[in-house]
Each structure stands twice: as structure tokens, then as C-alpha cells.
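Asker: predicted model follows, preceded by the sequence.
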Amino acid sequence: VKGFVSLVGAGPGDPDLLTLKAVRRLRKADLVLFDALVSPRLRRLAPRGRWFCVGKRAGTLGFSQDAIHRLLIKAARRGQRVVRLKGGDPFVFGRGGEEALALAAAGVPFEVVPGVTAATAAPALAGIPVTHRGLVSGFVVVSGHAEAAFRPVLEGLPPHAATVVVLMGLTLRATLASVLLGRGWEPRTPAAILQAAASRGARSWLGRLQELGTAELPLPGAPGTIVVGRVVSLAGVLGASQGAATGADAEPGSLRSTR
Ligand SMILES: C[S@@+](CC[C@H](N)C(=O)[O-])C[C@H]1O[C@@H](n2cnc3c(N)ncnc32)[C@H](O)[C@@H]1O
């Protein structure tokens, strides 16, 4: 096989949060296969490559995982330099592992270019450190897509032992909250919903675990990251002063809170 596939993390949305390696791979790419959540602002970084969306977009089902594997393998066998561009980090709920396995099985040379995951970047940009000395010494990241996936993880976690970060969890936020409350978490534990992080339209909801289930979404229909834990209380201080400190370089609106 003459071609090469790079499984590249695109970060949470702001092109400035791409890695230098990601930018180099994009510049040289013949073909960029991207997901729906990847920011259109990244396109100018791969001027010579053909861009092709394989993700789910409004009204379309997107490509099956098998079809994506076939596209990657075919393009590489044709000798192309392919970038498989995924939001955040390719190996965090991005099915990048499956694509790497398919490429390895087909004998296609590939690499992984890690990205900045929304799991830590969305909280950081809102002024929430996921760990903080004296408050909490760990964090867990779960998929909130299916109760069967997150319930066993959250039930195995003693209350307040770690910050809980949930991706894809907005639809089941009431279930998530009731699992944590049932496990003995303090109802007044600070909680946040962070949407469109690292973009100009970023919005957040800040409240308490007991209100998470009924929280009104700042951006209905948009994906978001949920954070539960004492560290969320730092958002009030660090969110505001972070904006002030970065001054003109700050993305306008990236720290705006609706509550
Ligand atoms: C399929 S997962 C992929 C995660 C990605 N691989 C990563 O490492 O960030 C998509 C989920 O990531 C979270 N997410 C991605 N981009 C986000 C952003 N800009 N702001 C807030 N949450 C985001 C949301 O929970 C969304 O449902």
C-alpha cells in the first residue's frame, strides 16, 4: 500500500486548538474525511485536499462504520494521503480505535494524531479545572448516550470521589442526575452544561445536581458536555477572570454564561 492514513483529532472546534502535527497533516492531505461536528473553519487549512463529510448531518444518516473503513482503505490503496478528521481526540468516543483496527487488518499504514478532547477542553474554557488540589484528585469521563453504559461506571464511583464528565449526555441528563443522587451525591453539588465550547456561540448553564435533570438547555438541539463535582464552583471565578486575562485574544462569547 502506497498511501497513508492519519487519524487526526480536530479538537473541540477552535482551529487554534489543533496540534501542529494535525495542521501539517491537513496541509499535505489529498483527501479529508470528516465528521459532522468538525468545524467548517478548519477547511482553509487543507487547501489542496478534497473534503468529504462522512458523519451524520441534519436529515442524513451518514456513512456506516464499515463504509468509512472501506473508503479509508480504498483511498490509501490508491496511494492517497488521507486525513480522517474527528472532533476532539480520535480515541475518545470517536470510534477511532475501530478504524485503526480495520486499517491494521487491511495492511494499510496509519498513525494516530491525538487531539484536544472536549472532555477537558469544554470545562477548561468555562473556568472548570477537572482536578483541583484539595477539591478532587481525579475525573471520570463517561458516555451518556445509553444508561447501560454509564450506570455501572457511576454506581461504582463513591460520591464526590472524582469529577464526573459526561459526553453525549444531554438527552439522558435526568437519568444521569438520578443515578448520581441515588448513589448518595449531595443534591447541591455544582453542575454545568457546556455547549458549543471553543466557538463564538459557546453557552453554559451553571446550577446544582438536583436541577440538572430539568435544566433548560442554553442551545436546544446542540451537543454539550456535562460536568458534575465541586470543581464546577470555580467556574464563577475562573470563567470570568480567564476572559479578562486573555483580553483581545479571547474568543468573544466563549466564556459567556446564561446563569
Ligand atoms: C461522539 S462524542 C466525540 C468526542 C470527541 N472525540 C472528543 O474527544 O471531544 C461527541 C460529544 O463530545 C462533546 N462535545 C464535542 N464538541 C463539543 C463542544 N464544542 N462543546 C461541548 N461539548 C462538545 C459532546 O458531549 C458531544 O456529544
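Answerer: All right, it came through fine.

Asker: just give me the neighbour total for the single nearest residue of the stretch 1-150 of the chain relative to the ligand.
Answerer: The ligand sits closest to G88 of the stretch 1-150 of the chain, with a gap of 1.9 Å, by C-beta to the nearest ligand atom. To be clear about C-beta, it is placed using only N, CA and C from the backbone, and glycine gets the same treatment. Using other C-beta atoms under 10 Å, G88 has 30 other residues around it.

Asker: and what of the one 5 residues further on?
Answerer: Residues near F93, counting by other C-beta under 10 Å, number 19.

Asker: could you do D66 as well?
Answerer: Residues near D66, counting by other C-beta under 10 Å: 10.

Asker: that one looks like it's in a helix, true?
Answerer: Yes. Counting by DSSP: H, G, I helix; E, B strand; the rest coil, D66 is part of a helix.

Asker: how about low-confidence regions in the stretch 151-259 of the chain?
Answerer: Low-confidence segments of the stretch 151-259 of the chain, defined by pLDDT under 70: 243-259.

Asker: got the residues of it near the ligand?
Answerer: L167, M168, L194, Q195, A196, A197, A198, P223, G224, T225 (C-beta under 6 Å from any ligand atom).

Asker: re the thing from before, who's in contact with the closest residue to the residue of the stretch 1-150 of the chain closest to the ligand other than its chain neighbours?
Answerer: Leaving aside its sequence neighbours, G88 sits nearest to T117 (C-beta to C-beta, 6 or more residues apart in numbering; 4.3 Å). Neighbouring residues of T117 by C-beta atoms under 8 Å, 6 or more residues apart in numbering: G9, P12, G88, D89, V92, V141.

Asker: I'd say the residue of the stretch 1-150 of the chain closest to the ligand and G115 touch.
Answerer: Yes. Counting by C-beta atoms under 8 Å, G88 touches G115, with 5.6 Å between them.

Asker: quick check: G3 touching A75?
Answerer: Yes. At 6.3 Å, G3 counts as touching A75 under the criterion of C-beta under 8 Å.

Asker: which neighbours do the two share?
Answerer: V82.

Asker: hang on, the earlier thing: between G88 and G115, what contacts are shared?
Answerer: In contact with both G88 and G115: G9, A10, G11, using C-beta under 8 Å, 6+ apart.

Asker: could I get these as CSV with pLDDT, neighbour count and distance to the ligand?
Answerer: Output for those, formatted as CSV (pLDDT from 0 to 100; neighbours: other C-beta atoms under 10 Å; distance: C-beta to the nearest ligand atom, whole Å):
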residue, pLDDT, neighbour count, distance to the ligand
G9, 97, 26, 7
A10, 95, 30, 9
G11, 95, 25, 8
